[in-house]
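Student: How does the following fold in three dimensions:
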Amino acid sequence: MTSYHSTPLKYGDTVIDEFIPKDVTDLTVLRVDEYTPDFTDLKTKLNQVLDSPIGSKPFNDLVKEIYSEGKRILFMIDDKTRPNVHTKILLPLIAERLLTLGVLKSDIKIIISSGSHALASPEEIETRILGPDIYKIWGNSVLDHNCDEGNKNVGTTSRGTPIWIDEQVLESCLLIPLSDSEYHYFAGQAGTVKLFCPGVAGRETIRINHPRMFDLVFGDRYGFHT
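Tutor: Now for the predicted structure:
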């Protein structure tokens, strides 16, 4: 019977620990210390960050400056292929703050940054993206991104990539991307700026930009190659 080195990895609620057979001897296992956050009250910490953001006006001042009735404020969130833990935590807190600032609920929308992935069904939005509690309140506010329709060309990058972006994004007065930085088995990184590209980009932009991870110069610069 094959025995394995101890390399436990969490996969949802399951721990998987049978990857590397013990007959593999040229092996170094890196273990990371348990992370201890420097705060315990997330809502208080979030409000502190929004009150004193880096490189921006305080959140309340920004909203009051650019929002008026009828203008759209748009949350950008990950699609059904991502865990969306941060979405379920942050969206209700920030949406509540918007409402206390006088933003109409009908002016708050949520777009799923699905890139060229398949669109989520209502059931998937409820169970895999927002969760039942948030879906009850905000399910009717969700917008789909379609990489083949409703995108506008806003220019070309220095590398020659045409920039097609969802018009629903371009027509919003404030964008609030909710994301995290995750390991991606194929592309290296998931989340962060990828909510914009490929998240709400047109297919032609995605088609030309995505393969750049295989470009030797780009890959060496950003750590895709060793």
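Student: pretty sure residue 159 belongs to a helix, no?
Tutor: No. Counting by DSSP: H, G, I helix; E, B strand; the rest coil, residue 159 is not part of a helix but coil.
Student: So the residue lying closest to it once chain neighbours are set aside: helix, strand or coil?
Tutor: Counting by C-beta to C-beta, 6 or more residues apart in numbering, residue 212 is the residue found nearest to residue 159 once chain neighbours are left out, at 7.5 Å. Every C-beta, even on glycine, is put in place using the N, C-alpha and C of the backbone. With three-state DSSP as the basis, residue 212 sits in helix.
Student: Wait, residue 99 touches residue 93, no?
Tutor: No. Counting by C-beta atoms under 8 Å, residue 93 is not a contact partner of residue 99; they are 11.1 Å apart.
Student: what sits against the residue nearest the centre of the chain?
Tutor: For the chain, the residue nearest the mean C-alpha position is residue 179 (3.3 Å; C-alpha atoms, centre = their mean). By C-beta atoms under 8 Å, 6 or more residues apart in numbering, residue 179 lies in contact with 76-78, 86, 191-192, 194-195.
Student: and with 7 Å instead?
Tutor: 78, 86, 191-192, 195 (C-beta atoms under 7 Å, 6 or more residues apart in numbering).
Student: same check, this time on residue 67
Tutor: So residue 67 contacts 73, 103, 173-174 (C-beta under 7 Å, 6+ apart).
Student: and the residues you listed, which are buried?
Tutor: 73, 103, 174 (16 or more other C-beta atoms under 10 Å).
Student: of all those, which comes closest to residue 146?
Tutor: Nearest to residue 146 among these is residue 73, at 21.1 Å by C-beta to C-beta.
Student: so the closest one bridges to which residues?
Tutor: Taking DSSP bridges as the rule, residue 73 bridges to residue 108, residue 174.
Student: Would you map out the domains in this structure?
Tutor: Here the domain assignment for the chain is 1-48, 67-222, based on automatic domain parsing.
Student: Centre of the chain to the last one, how far?
Tutor: When you say that, I think you mean domain 67-222. With C-alpha atoms, centre = their mean, to the nearest Å as the basis, domain 67-222 stands 6 Å off its chain's centre.
Student: Next: the first one.
Tutor: For domain 1-48, the gap between its own C-alpha mean and the chain's C-alpha mean amounts to 22 Å (C-alpha atoms, centre = their mean).
Student: Correct me if wrong, but residue 127 is in a strand.
Tutor: No. Membership of residue 127 in a strand is not supported by three-state DSSP, which gives helix.
Student: Show me where this protein has its helices.
Tutor: All helices of the chain, identified by DSSP state H, fall at 42-51, 59-66, 85-100, 122-124, 132-138, 167-170, 203-209, 216-222.
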